[in-house]
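Chemist: below is the sequence, then the predicted model.
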Amino acid sequence: MAGSREAGVGQASNACLFLLFRPGMRPGSDAISQVVAQSGCGIVSHDPRQAFSPEGIDDSWLELLVDGLTFDVLGLSPLEGVHCPGLRHDFGIAPDEIGPCEAIVIAPGPHLSGAANAIPVIRTMMGMASTLLEGTEGAVGVVWQPSASAIGKELFGKMIGQWLEGGPFPALGLTGVTMTEDGGLASDGLAFFTGQEIEIDAALSSAQPQATRLAVRLIDHLVNQDKIEHEEMILGPGKTRLRLSPMAGGRILRVSAMEGDVPGGALRGIDTDSRASALPGGEPPRWTGP
């Protein structure tokens with residue numbers, strides 16, 4: 001794919017994953033190409049240095065082909081890096097570690113613009129990103145744009161590895177959780193995948209760790225479902241009876257406890273009891289967000 005990429009801006013939606021590096025250690029095209037070749041996970045399908053004379057290159061980027069999908073890597077050294085978005089959540093990395101970092105970005109290529117939020121695309125991109133972090137000197141973590149979440153390198157590698165091996169969706173990382181004005185709990189970034197954010201009723205959120213665990217389990221369930229257009233009733237963790245009610249034109253999925261009789265056969269369970277958390281160790285991390 002000959003041509004250039006606008007520095008710092010992926011060509012497909014906002015599905016951008018920023019890879020963070022210590023100052024002065026942001027990799028160039030050769031370093032990324034070497035990691036990709038050694039990993040055997042994909043190939044460099046386009047390098048603009050092979051299409052133009054050095055004098056004609058106005059930016060530094062690569063196109064990677066992984067499992068039939070293309071991803072752009074932008075902001076490579078020695079030219080200017082990319083600017084990370086503001087953060088709302090941090091997992092496994094302190095905010096003061098992020099400030100001095102330099103960043104490159106990986107994002108779905110132009111042909112994936114209509115499917116950049118599809119789970120197979122995101123899984124493939126996250127797997128390649130984990131490979132790049134592990135194989136490139138000076139990497140410290142990532143920032144996932146849809147939820148404005150920073151994730152430390154070690155934690156990112158563990159949670160993505162578990163997900164790719166059949167474990168839970170990394171809810172606390174690829175999404176975040178925040179408190180609502182009425183004392184409930186809401187997801188942040190789930191709408192990128194499903195078109196909906198969840199809001200857990202305050203009555204189910206009085207105990208913060210349990211409410212966060214419930215949010216994680218619901219997110220793991222919902223990212224593998226179609227958007228919920230009509231009210232549903234489900235059995236949650238511990239056989240809790242839950243009502244899922246679309247609100248705000250379908251943009252919000254309100255989660256509340258059910259009361260009264262339940263129609264026969266109306267309840268279905270969500271397979272989450274064995275998936276206590278999307279983080280290694282089975283427990284949610286410290287509270288983040290407002």
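Modeler: That came through, no problem.

Chemist: next, give phi and psi for Trp163.
Modeler: phi -60, psi -50 (degrees, to the nearest 10).

Chemist: next one: the one 5 residues further on
Modeler: The phi/psi pair for Pro168 (degrees, to the nearest 10) reads phi -70, psi 160.

Chemist: which pLDDT value goes with it?
Modeler: At Pro168, the pLDDT value in this model is 95.

Chemist: distance check, it against Gly141.
Modeler: As judged by CB to CB, to the nearest Å, Pro168 and Gly141 stand 20 Å apart. All C-beta spots, glycine's among them, are computed from the backbone N, C-alpha and C.

Chemist: between those two, which has more neighbouring residues?
Modeler: Gly141 (24 against 21; other CB atoms under 10 Å).

Chemist: may I have the beta-bridge partners of the more buried one?
Modeler: Leu20, Gly152 (DSSP bridges).

Chemist: output the contacting helices and strands for the host helix or strand of Met126.
Modeler: Taking DSSP states H and E as the criterion, Met126 maps to helix 119-135. For helix 119-135, the packing partners by 3 or more CB pairs under 8 Å, 6 or more residues apart in numbering; DSSP states H and E come out as strand 17-21, helix 29-39, strand 61-66, strand 69-74, strand 102-108, strand 139-144, helix 153-164.

Chemist: and it, how far out from the chain middle?
Modeler: From the chain centre to the centre of helix 119-135 is a distance of 10 Å (CA atoms, centre = their mean, to the nearest Å).

Chemist: so where is the stretch 1-150 of the chain shaky, pLDDT-wise?
Modeler: 1-13, 51-59 (pLDDT under 70).

Chemist: list the buried residues in the helix holding Met126.
Modeler: Buried positions in helix 119-135, judged by neighbour count with 16 or more other CB atoms under 10 Å: 121-122, 124-133, 135.

Chemist: now render those residues as CSV, adding distance to Val82.
Modeler: Formatted as CSV, the buried residues of helix 119-135 follow (distance: CB to CB, whole Å):
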residue, distance to Val82
Val121, 20
Ile122, 19
Thr124, 21
Met125, 16
Met126, 18
Gly127, 21
Met128, 17
Ala129, 14
Ser130, 19
Thr131, 19
Leu132, 14
Leu133, 16
Gly135, 20
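
Chemist: tell me the one among those nearest to Ser205.
Modeler: Checking the buried residues of helix 119-135 against Ser205 with CB to CB, the nearest one is Ile122 at 27.6 Å.

Chemist: that closest one touches Leu17, doesn't it?
Modeler: No: under the criterion of CB atoms under 8 Å, Ile122 makes no contact with Leu17, lying 9.1 Å away.

Chemist: who's in contact with the residue positioned nearest the centre of the chain?
Modeler: Taking CA atoms, centre = their mean as the criterion, Leu174 is the residue nearest the geometric centre of the chain, at 2.9 Å. Going by CB atoms under 8 Å, 6 or more residues apart in numbering, Leu174 touches 122, 144, 146-147, 149, 189.

Chemist: most widely separated two among those?
Modeler: Longest span within the contacts of Leu174, CB to CB: Ile122 and Ser149, 13.6 Å.

Chemist: what sits against Ala171?
Modeler: 215-216, 219-220, 278.

Chemist: helix or strand: which one has Glu259?
Modeler: Counting by DSSP H and E, Glu259 is part of no helix or strand.

Chemist: quick one: neighbours of it, just the number.
Modeler: 8.

Chemist: look up the pLDDT of it for me, please.
Modeler: 75.

Chemist: look up how far Ser45 lies from it.
Modeler: 56 Å.

Chemist: and if you look at Ala150?
Modeler: 29 Å.

Chemist: quick one: which of those two has more around it?
Modeler: Shown here are Ala150 and Ser45; by other CB under 10 Å, Ala150 has more neighbours (28 against 15).

Chemist: surely the more buried one is within a strand?
Modeler: Yes: membership of Ala150 in a strand is supported by DSSP: H, G, I helix; E, B strand; the rest coil.

Chemist: pretty sure it is touching Ala94, no?
Modeler: No: with contact defined as CB under 8 Å, Ala150 does not reach Ala94; the gap is 9.0 Å.

Chemist: sounds good, over and out.
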